[in-house]
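[1] Sequence first, predicted model second:
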Amino acid sequence: MATNKNIGYNVFPTTDNRNSMAAAVAGRLLHARNQSLNESLSDFEGSANNLELVKTIEGRDFINDSRSTNANAAWFALESMTKPTTWIMSIEDRENISDSLVDIINEKVKHIIILGVYNPEIMEFLSGLGKQVDCCMNMEDAVRTAYYTSDSGDAILFAPGTTSFGMYRTYRERGEKFKDAVAQL
């Protein structure tokens, strides 16, 4: 067996060392696989933060789709709505709003609430669609505004259409904040 003469260890591991290394690698792969499987299973439709019915209050359905981290995902969430919808969103740039998103807004949305710091251009654009548009700096105000400006029989959809941008660590945390704000009503 080759030996490194400078420090005196075997260059090629012994059979026992190879078995130990193989066991360690297998254990790590199994752990990584289980973690990946858990994440994949949590992302199925109907899971938390993905078109999740949080609560119905006085005929208003509060729906959490915090997992909508881009405009295409927000489009899908809006497309799924079957009731007049108040949309709580955070899209900041006009260029992220495609023609198909505009079409679905015109078809399904009656009120838009921009959550967080917003670009005046987006406010002007959305208002130009003939929709009522409000801005709220925090989740509690956004949920409260949605509740008081909607009607019984409406859906209130939280589908931000962006990542958390530092307001929250993850979309899951952001979804929990939405649920907490609904629980405060």
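    That came through fine.
[2] Would you mind confirming that T85 is in contact with V109?
    Yes: contact criterion C-beta atoms under 8 Å: T85 and V109 qualify, at 5.1 Å. In short, each C-beta sits where N, CA and C put it, glycine included.
[3] give the contact list for R94.
    Counting by C-beta atoms under 8 Å, 6 or more residues apart in numbering, R94 touches 119, 121-122, 125.
[4] Quick one, grab the pLDDT at it.
    Predicted confidence (pLDDT) for R94: 87.
[5] Next: G116.
    Residue-level pLDDT assigned to G116 equals 87.
[6] For the residue lying closest to it once chain neighbours are set aside, what are phi and psi?
    Leaving aside its chain neighbours, G116 sits nearest to S90 (5.2 Å; criterion: C-beta to C-beta, 6 or more residues apart in numbering). For S90, the backbone dihedrals are phi -140, psi 20 (criterion: degrees, to the nearest 10).
[7] for R174, same thing?
    Torsion angles, degrees, to the nearest 10, at R174: phi -60, psi -40.
[8] Surely it touches G166?
    No: judged on C-beta under 8 Å, R174 makes no contact with G166 at a distance of 11.1 Å.
[9] So these two - more neighbours on which side?
    R174 (23 against 7; other C-beta atoms under 10 Å).
[10] Grab the nearest non-local neighbour of the more buried one.
    Y168 (4.0 Å).
[11] confidence score at the one you found?
    Value for Y168, per-residue pLDDT: 82.
[12] what do you get for the one 5 residues further on?
    pLDDT for E173: 91.
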